[in-house]
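> Generate a structure from the sequence data that follows.
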Amino acid sequence: ARGGGLTWTPDGEWIVFASRLAGSMTLWKVSPKGGKLESVLVGAGEDTDPELAQDGRRLVYTNTRASFVLVVQDAATGRTRELFESRTDIAFPSFSPLSERITFFQVTGDGDAHVFTIRAQGSDLTPITRGQQQHNSLPQWSADGATIYYYQERPPHTSFRQISLRTGEDAELARGWTWETQNGARVDPAGARIIYSKLDRGAVAQTMIRDIASGNETAFAMPLRNPRWSPDGQFVVGVDVSEAQPPLGHVTICAVDGGQCRRISRGAIPRWSADGERLYFLRPAESADDRELWSISIDGRQETRVAVLRSFNPIDSYDVSTAGDAVWVQYRRGRSEVWLADFR
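Down below sits the predicted model:
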């Protein structure tokens, strides 16, 4: 798990560490014998660098007063507008098919996480999932904009799900799935298949296609990170992981039927344009805090730098509207403070 700091309790019963396992950087504990991870702290900001007192009852740690801002950049003018700001993590924004709304998830102050939507102009913030002690994250729109798919970590078990925006009816599509094992799950435009990357110790081992109705799975033509269906469902774009050269890889398009694949360019986190004629992807920027957004035609021509996404949350995603506007979450680091808390 990505994070900072690791310490043992004096009796050796727990390992305490910082990680983004639930979205925000906070402190967790786990038995050295294995078993379920348990959260230690819940609250706003980023918690790192844990250290336990000799009696094992007090915990000192660093809390950084970060904020997260949902930002849209206009394709024509380059101007940005801030839609929503939070002291707790907001992440994984994406435009609805007609680009009138944006969905994302937010980690709440009590450690839960829920899916929200907001108008692209910044009004009408609406919770989509509800319930205490739930962690619902990583939302995506259906092709018709009537359904949102998402991951649920609790309760009562992990799953990949869908919820109707018309009726609020919620249904499980795949039980036991998590972002850490069945990564980047995407439902095809027909709502019949899911493509995802099967992870082994954080690396893509295989990309799979699952038939929703039967539950049958078949291996895709090649392992891809961040696979995405084309708008017509006939192609998949992703990053070829056969050459491990992070943070960039080969943006690759594969035909779903026949499996022919071709490399397009080097980049990360590819996205289709609304008409399926172009691809967007990210590259590092001059500043380590920023990302460059690039576009290229699906035949590998007309490669163009579109924008610089400032203060890009390094573990997050982005999306592009039908008009070419970009949405992402800015991570704004505040001051750091040393805190003391009771442990156990």
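
> residue ranges with poor pLDDT in the stretch 51-200 of the chain?
Residue ranges of the stretch 51-200 of the chain with pLDDT under 70: 109-110.

> can we see that at 90?
Where the stretch 51-200 of the chain drops to pLDDT under 90, the residues are 51-58, 60-67, 76, 87-89, 107-112, 130-134, 153-157, 180, 200.

> any chance you could map the strands in it?
Taking DSSP state E, counting those that start in this stretch to define them, one finds strands in the stretch 51-200 of the chain at 58-64, 67-73, 80-86, 90-95, 101-107, 113-119, 126-127, 136-141, 147-152, 159-164, 170-175, 182-187, 193-200.

> just so I know, which of those strands lies nearest Phe343?
With CB to CB, the closest approach to Phe343 among the strands of the stretch 51-200 of the chain belongs to strand 58-64: 4.3 Å. From N, CA and C alone the C-beta is placed, and that goes for glycine too.

> Partner strands of the closest one and their direction?
strand 46-52 (antiparallel), strand 336-342 (antiparallel) (DSSP bridges).

> would JSON lines of the strands of the stretch 51-200 of the chain with distance to Ser336 and mean neighbour count be doable?
As requested, the strands of the stretch 51-200 of the chain are arranged in JSON lines below (distance: least, CB to CB, whole Å; neighbours: other CB atoms under 10 Å):
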{"stretch": "strand 58-64", "distance to Ser336": "5", "mean neighbour count": "19"}
{"stretch": "strand 67-73", "distance to Ser336": "14", "mean neighbour count": "21"}
{"stretch": "strand 80-86", "distance to Ser336": "19", "mean neighbour count": "16"}
{"stretch": "strand 90-95", "distance to Ser336": "21", "mean neighbour count": "24"}
{"stretch": "strand 101-107", "distance to Ser336": "19", "mean neighbour count": "24"}
{"stretch": "strand 113-119", "distance to Ser336": "24", "mean neighbour count": "20"}
{"stretch": "strand 126-127", "distance to Ser336": "31", "mean neighbour count": "12"}
{"stretch": "strand 136-141", "distance to Ser336": "26", "mean neighbour count": "23"}
{"stretch": "strand 147-152", "distance to Ser336": "30", "mean neighbour count": "23"}
{"stretch": "strand 159-164", "distance to Ser336": "36", "mean neighbour count": "18"}
{"stretch": "strand 170-175", "distance to Ser336": "39", "mean neighbour count": "14"}
{"stretch": "strand 182-187", "distance to Ser336": "31", "mean neighbour count": "20"}
{"stretch": "strand 193-200", "distance to Ser336": "32", "mean neighbour count": "19"}
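
> Redo those as a markdown table? Include distance to Leu37.
What follows is the strands of the stretch 51-200 of the chain, written out as a markdown table (distance: least, CB to CB, whole Å):
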| stretch | distance to Leu37 |
| --- | --- |
| strand 58-64 | 16 |
| strand 67-73 | 23 |
| strand 80-86 | 24 |
| strand 90-95 | 19 |
| strand 101-107 | 16 |
| strand 113-119 | 15 |
| strand 126-127 | 26 |
| strand 136-141 | 16 |
| strand 147-152 | 16 |
| strand 159-164 | 18 |
| strand 170-175 | 20 |
| strand 182-187 | 18 |
| strand 193-200 | 17 |
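
> unless I'm mixing things up, Ala146 is touching Ile163, no?
No: between Ala146 and Ile163 there is no contact under CB atoms under 8 Å: 10.2 Å.

> which one of the strands paired with strand 58-64 is the most hemmed in?
Across the strands paired with strand 58-64, the average number of neighbours (mean count of other CB atoms under 10 Å) peaks for strand 46-52, which reaches a mean of 20.

> Figure out how far that one is from the centre of its chain.
Centre-to-centre, strand 46-52 and its host chain are 24 Å apart (CA atoms, centre = their mean, to the nearest Å).

> quick one: contacts of it?
3-10, 16-18, 24-27, 40-41, 58-64, 66, 343 (CB atoms under 8 Å, 6 or more residues apart in numbering).

> if we go to 10 Å?
Strand 46-52 has contacts (CB atoms under 10 Å, 6 or more residues apart in numbering) with 3-10, 14, 16-20, 24-29, 40-41, 58-66, 89, 331, 333-334, 336, 338-339, 341, 343.

> For it, C-alpha coordinates in PDB please.
The C-alpha coordinates for strand 46-52 follow below in PDB (Å, rounded to 0.1, in the frame of the first residue of the first chain):
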ATOM      1  CA  GLU A  46      -3.700  13.800   5.500                       C
ATOM      2  CA  ASP A  47      -2.300  11.700   8.400                       C
ATOM      3  CA  THR A  48       1.300  10.400   8.200                       C
ATOM      4  CA  ASP A  49       4.400   9.500  10.100                       C
ATOM      5  CA  PRO A  50       2.900   7.500  13.100                       C
ATOM      6  CA  GLU A  51       4.900   6.800  16.200                       C
ATOM      7  CA  LEU A  52       3.700   5.000  19.300                       C
END
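
> So which of the strands of the stretch 51-200 of the chain is nearest Arg305?
Of the strands of the stretch 51-200 of the chain, nearest to Arg305 by CB to CB is strand 67-73, at 13.1 Å.

> Number of residues surrounding Val251?
Neighbourhood size, Val251 [other CB atoms under 10 Å]: 25.

> sorry, that was for Glu38
Glu38 has 10 nearby residues by other CB under 10 Å.
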